[in-house]
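Chemist: here is my input, please return the structure:
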Amino acid sequence: MTDPDAALTAGARESMPFAELLGVEVLAASSEEVRARIAWEERLCTAGGVLHGGALMSLADAAGAYCTFLNLPERSAGTATIESKTNFFRAVREGHVVATSRPLHRGRTTIVVETDLHDAEGKHVARVTQTQAVLGA
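Modeler: Next up is the predicted model:
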């Protein structure tokens, strides 16, 4: 298992406090790809010990926002999710989930990011496509 990057994790948690509540760890971050993960924890589960879909979507949103931030045009003030679509493929009952976010479109007013979620065994858990507004452009 890849170790989290302490500086990137601290920066993400400072800019997105909810990421700390979820336990998001940033593994790597560049304008081409952001990888982050959360561990399976009972407090993040729904019935039957299944990691809650909202936790998975929040991980994807955090990784996608980070990826968008790294692709913002000059003089932008920030980003905000304006649309998000999730397809779930399988449940997660243990281990961790890794989110890998990549930009699909880098525009002046919007950026579209696709995030794939995989479990600890590398099985595809979900795919999230989101549109992020470019603020202050």
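Chemist: quick one, helices of this structure?
Modeler: With helices called from DSSP state H, the chain shows them at 6-15, 17-22, 53-69.
Chemist: buried deepest among these, which one?
Modeler: With neighbours taken as mean count of other Cβ atoms under 10 Å, the helices of the chain reach their highest mean count in helix 53-69, at a mean of 24. Every C-beta, even on glycine, is put in place using the N, C-alpha and C of the backbone.
Chemist: which residues touch that one?
Modeler: Here helix 53-69 makes contact (Cβ atoms under 8 Å, 6 or more residues apart in numbering) with 12, 16, 18-19, 22, 24, 26, 29, 31, 33-38, 44, 46, 78-79, 81, 84, 86, 88, 92, 97, 99-103, 111, 113, 115, 117, 125-126, 128, 130, 132.
Chemist: so among those residues, which ones count as buried?
Modeler: The neighbour count (16 or more other Cβ atoms under 10 Å) marks 12, 16, 19, 22, 24, 26, 29, 34-38, 44, 79, 84, 86, 92, 97, 99-103, 111, 113, 115, 117, 125-126, 128, 130, 132 as buried among the contacts of helix 53-69.
Chemist: picking that back up, just the ones of the contacts of helix 53-69 in strands?
Modeler: Mapping the contacts of helix 53-69 onto strands (DSSP state E) picks out 26, 29, 34-38, 78-79, 81, 84, 86, 88, 97, 99-103, 111, 113, 115, 117, 125-126, 128, 130, 132.
Chemist: that'll do, ta.
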